[in-house]
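>>> Provided below for reference: sequence and predicted model.
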Amino acid sequence: MANWCSNTVVFEGKPEAITAIQELFQSMKEKEEKTEEGQLPEFMEDTNGGYFFNIYWNEGDEGQFQYETKWSPNIEIIQKISEYYQVDFVQDYEEMGNLVYGRATYRDGILSDIFLGGDDFETYEQDEETDLYHFEGEEYESDYEILETLLERKITTL
């Protein structure tokens, strides 16, 4: 059984392109609900996975989608969608079972993928008795704020 990678992607571009992407995701969502199978855009070849599962978005969030993929993010697929519709994107992803946490950005035809490595995950620890996380002398109820801090630091130093 696959571990599920949670993804959030925000597309940025001309309003008509964002509307077309909204329609694409609506179509994939409807097809997934009917077939109970992951989806790819119809204009894309089915070569090496990257399927979208459990697609959803919040009412009014044009061009912003959440979904799951198996094991890892589908950055290549998102990049192909962006190229097809001539838009940019920011994709946040996480799959904590395999310590996958990062952000891919595609702007003006340039892709960057910044993610945390093993050393980053070793900078904090969880106290199993209190269920609190310890990082740089502070206590946290969740590790997500710590991970976001570590990722933001990595992004700003590159």
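Thanks, I have it. Residues are numbered from 1 along each chain as shown.
>>> for whichever strand or helix holds residue 8, packing partners?
In this structure, residue 8 sits in strand 4-12 according to DSSP states H and E. Applying 3 or more Cβ pairs under 8 Å, 6 or more residues apart in numbering; DSSP states H and E, we find strand 4-12 packed against helix 15-35, strand 64-70, helix 75-85, strand 88-95. Every residue, glycine included, has its C-beta placed from N, CA and C.
>>> Compare the ones you listed and give me the one nearest residue 46.
With respect to residue 46, and counting by Cβ to Cβ, the nearest of the helices and strands packed on strand 4-12 is helix 75-85 at 10.7 Å.
>>> circling back to that earlier point, would JSON lines of the helices and strands packed on strand 4-12 with mean neighbour count and mean pLDDT be doable?
Shown next, in JSON lines, are the helices and strands packed on strand 4-12 (neighbours: other Cβ atoms under 10 Å; pLDDT from 0 to 100):
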{"stretch": "helix 15-35", "mean neighbour count": "15", "mean pLDDT": "97"}
{"stretch": "strand 64-70", "mean neighbour count": "20", "mean pLDDT": "97"}
{"stretch": "helix 75-85", "mean neighbour count": "18", "mean pLDDT": "97"}
{"stretch": "strand 88-95", "mean neighbour count": "20", "mean pLDDT": "98"}
